[in-house]
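S.K.: Sharing a sequence plus its predicted fold:
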Amino acid sequence: MTNQIKFGLSTWLWESPFNTQSVALFPKIKKMGYDIVEIPVEDPHLIDGKTIKKALKDNGLQATVCGAFGATKDLTHEDRAVHKNCFEYIQKCFELCNLWEVDFFAGPMYAAVGKARMLPKEERKKEWDLAVNNISKVCNMAQNQGLSIALEPLNRFESDLINTAADVMRFIKDVNHKSAKVLLDGFHMTIEEKNIADAIKTVGDKLIHVQVSENHRGVPGTGLTPWTDFAAGLKAIDYKGAIVIESFTPEIKELAAAVCIWKNLAASQDQFASEGISFLKKTFT
């Protein structure tokens, strides 16, 4: 595996929502050996971008940025006012990306997370086309600001629109815009894919970001994820992006409920982070 891969960690492991005071986590993240801090932007108004930029520099960290898409930020909603709200949110996230010198914005921005229903084929097609149309607009916004977007497939319990690598590639084909790229998350892949390596190869050079945890959202290396296949898939496409641990704390009740984490997945969140990077470096370098 190429040694150009960098390892990161989402601040969701400790807290939510990310805010200006969250920079207190940065020294610890750096000391553990991470290169990257993943900043989940739930509410841009809670974040002083310039303060974060200085803290990143002071701690020798790079950033990646992902979004949070709930019912008020749903590009498949029947109310276009909801689309407008989502576009405005994405624009604020793009501005933070540029401020922090991040060249893409990541997440399942095609629809609200948790929108999982059995729909008639005609209605599903209508939502798909609406998502394609709106993500095309997002791609134009991104291109105008020198950015890409990394679209994330989610498991069937969190989305009924895009669940697999094949789904996201079909979606990108329909969007037909060079700014549309892919984020693959190992947690969702262990639920939805038949073969992790094949899924990664399906995406190929569209893959610009990777998130990982175990199949049970726990510390990488403690579950059923086929890590050898994962590493082989990334090597096969000569992946040079980041690998970021994304998991969550049960202490933040609203977030824990959203991702169905009802108990601690490690003795402490710090232990989760330190054991996680040890395993990733052993597996992917």
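M.R.: Perfect, thanks for sending it. Numbering: from 1, shown residues only.
S.K.: Name the residues that touch the worst-scoring helix or strand of the chain on mean pLDDT?
M.R.: In the chain, the helix or strand scored least confidently by mean pLDDT, DSSP states H and E is helix 253-259, which has a mean of 83. With contacts defined as Cβ atoms under 8 Å, 6 or more residues apart in numbering, helix 253-259 is touched by 12, 16, 113-114, 217, 248-250, 262. C-beta coordinates here come from the backbone N, C-alpha and C atoms, glycine included.
S.K.: Next: stretch 110-128.
M.R.: 68-71, 73-77, 131, 134-135, 151, 154, 156-162, 171, 174, 258.
S.K.: does residue 9 count as helix, strand or coil?
M.R.: State at residue 9, reduced to three classes by DSSP: H, G, I helix; E, B strand; the rest coil: strand.
S.K.: Show the subsequent helix or strand relative to the longest helix along the chain.
M.R.: Longest helix in the chain, counting residues (DSSP state H): helix 121-144. Counting by DSSP states H and E, the next helix or strand C-terminal to helix 121-144 is strand 148-151.
S.K.: What is the helix or strand just after that next one packed up against?
M.R.: Sequence-wise, the next helix or strand downstream of strand 148-151 (DSSP H and E) is helix 165-175. With contacts defined as 3 or more Cβ pairs under 8 Å, 6 or more residues apart in numbering; DSSP states H and E, the packing partners of helix 165-175 are helix 121-144, strand 148-151, strand 180-185, helix 196-203.
S.K.: need the contact list for residue 205.
M.R.: residue 237.
S.K.: how would you label it: helix, strand or coil?
M.R.: Three-state call for residue 205 (three-state DSSP): helix.
S.K.: what about residue 39, which SS state?
M.R.: Quick answer, by three-state DSSP: residue 39 is strand.
S.K.: any idea how far residue 92 lies from residue 41?
M.R.: 8 Å (Cβ to Cβ, to the nearest Å).
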